[in-house]
Each structure stands twice: as structure tokens, then as C-alpha cells.
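A.B. asks: just coords:
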């Protein structure tokens, strides 16, 4: 049996980043710079090798998300204040981003627990 991917109940741009409330009650807060520095578009990462051209360290501290838009098979597109538009944020990436040198987003589970969420 195939598991249906979780979908957000609510997406909201807040001062600290993108706040996502999932249908199962899990909440994630993804910082602006984390998302901009992990964009998967061809300008930010090589299409075949996935070698990063832009990382979190390359993103100025003042860059923020100015708009989020649901789109086709890549469910969330993000427009940043540096006018970069990224269409490469599928829900699984927003729910469980991969590790690496960038800090993990803060997560809160329904009923408490897990990782601190401010």
C-alpha cells in the first residue's frame, strides 16, 4: 500500500520564515535563509550533479520570503525579497528537509515534543 504524502493545512510567511502546519498537527518553521539557500532551481544547483551554486552562507541576512504560491507538481513556489523565484519546494522537502551544513528547521509535534519550536 502506498502512503499518501502529508499536505499542509496552513502555510504562512512569518517574521522568522515559513511556518507550516501539517494535517497531522506537526508544525515546521523554515527560516528564510535556509529556504533561499536550499533552492533546487538550475540557478542555485546544477541540474544533473546537484552541486550547489548558492548556499545558505551566500544568502544575505536581510533576504526574506515575500510571497508563497501553490503550483502544479511542485506544490509551493517561493518569491524572495532578492527577486529570486523558486518553484522547487515539494511538500516532502518542507516537511523533512535533508541534513547538511545548514541548521535544521524547528519542528513541533501535535501534543508536544520533538525539537524546540520558538
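C.D. replies: Received, thanks. Predicted model, so just to flag it, every value in this text is computed and none were measured.
A.B. asks: pLDDT below threshold where in the chain?
C.D. replies: By pLDDT under 70, the low-scoring segments of the chain are 1-5, 72-74, 96-118.
A.B. asks: quick one: residue 94 is in a strand?
C.D. replies: No. Using DSSP: H, G, I helix; E, B strand; the rest coil, the assignment for residue 94 is helix, not a strand.
A.B. asks: pull the number of nearby residues for it.
C.D. replies: Counted by other C-beta atoms under 10 Å, the residues lying close to residue 94 total 21. C-beta here means a position set from N, CA and C on the backbone, and glycine is covered the same way.
A.B. asks: surely it and residue 18 touch.
C.D. replies: Yes. Using C-beta atoms under 8 Å, residue 94 makes contact with residue 18 at a distance of 7.4 Å.
A.B. asks: give me the common contacts of those two.
C.D. replies: residue 30 (C-beta atoms under 8 Å, 6 or more residues apart in numbering).
A.B. asks: does residue 88 touch residue 39 like I think?
C.D. replies: Yes. Using C-beta under 8 Å, residue 88 is in contact with residue 39, at 6.1 Å.
A.B. asks: have a look at these two and say which one is more surrounded.
C.D. replies: Neighbour count, other C-beta under 10 Å: between residue 88 and residue 39, residue 39 has more, with 23 against 16.
A.B. asks: tell me the contacts of the residue nearest to that one when sequence neighbours are not counted?
C.D. replies: Of all residues not flanking residue 39 in the chain, residue 86 sits nearest, at 4.1 Å (C-beta to C-beta, 6 or more residues apart in numbering). Listed by C-beta under 8 Å, 6+ apart, the contact partners of residue 86 are 35-36, 39-41, 44, 77-78, 80.
A.B. asks: of the residues you listed, grab the buried ones for ChimeraX.
C.D. replies: This is the ChimeraX syntax for the buried subset of those, where burial follows 16 or more other C-beta atoms under 10 Å:
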select :35,36,39,40,44,77,78,80
